Each structure stands twice: as structure tokens, then as C-alpha cells.
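# how does the following fold in three dimensions:
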Amino acid sequence: MRVVIALCLIAPFVAMLWVSSYAKVDPAFIGIPFFYWYQMLWVLISTALTMVAYTLWQRDQRSRKGGASA
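All right, here's what the predicted structure looks like:
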């Protein structure tokens, strides 16, 4: 479970640090160069991945507390 949480939190960093993958103009989307809309897309993806990581963390903490008291 914690590995999945870590992957959810690390994926945006890896995507943004791999600059050569998105340092280009084409394909443009509604006249916006790829460089810009790719980064804005990752803002949304990062939000979703952070929400998933938080939910999984809460579930993991509840299961650990429940297992310790039983």
C-alpha cells in the first residue's frame, strides 16, 4: 500500500524533471504550445494522484489502528 502511495507522490516530480519529454511546441492544443498545456495537465493529474495517496494513507492508518487493538 505504501509503495503505491509513494508512486502517486513521486510520479509528478519525475514527469516534470524529465524536461526533454515535453520541451517542444508541437502538438499544440487550441493554439497553446505543448510545453504549456502538458504542464497544466500535470497540475490536474498531480491533484488527483495526491487525493488518491491521501485516501490510501487514511485507509492504511485505519487498518493499522484496527489491527493493533484487536
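# where exactly do the helices run in this protein?
Here the chain has its helices, by DSSP state H, at 2-17, 34-69.
# could the ones you listed go into a markdown table alongside distance to residue 25 and mean neighbour count?
Glycine gets a C-beta too; all of them are placed from N, C-alpha and C. Converted to a markdown table, the helices of the chain look like this (distance: least, CB to CB, whole Å; neighbours: other CB atoms under 10 Å):
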| stretch | distance to residue 25 | mean neighbour count |
| --- | --- | --- |
| helix 2-17 | 18 | 13 |
| helix 34-69 | 6 | 12 |
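# tabulate those helices (TSV), appending mean pLDDT and distance to residue 27.
As requested, those are exported to TSV (pLDDT from 0 to 100; distance: least, CB to CB, whole Å):
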stretch	mean pLDDT	distance to residue 27
helix 2-17	92	17
helix 34-69	89	6
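# among these, which is nearest residue 23?
Closest approach to residue 23 among the helices of the chain (CB to CB): helix 34-69, 6.3 Å.
# what angle separates that closest one from helix 2-17?
160 degrees (axes from the mean of the first three to the mean of the last three CA atoms, to 10 degrees).
# circling back: just send the helices of the chain back as TSV, with distance to residue 23 too.
Shown next, in TSV, are these (distance: least, CB to CB, whole Å):
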stretch	distance to residue 23
helix 2-17	11
helix 34-69	6
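# which among these is found nearest to residue 24?
Judging those by CB to CB, what sits closest to residue 24 is helix 34-69, at 5.5 Å.
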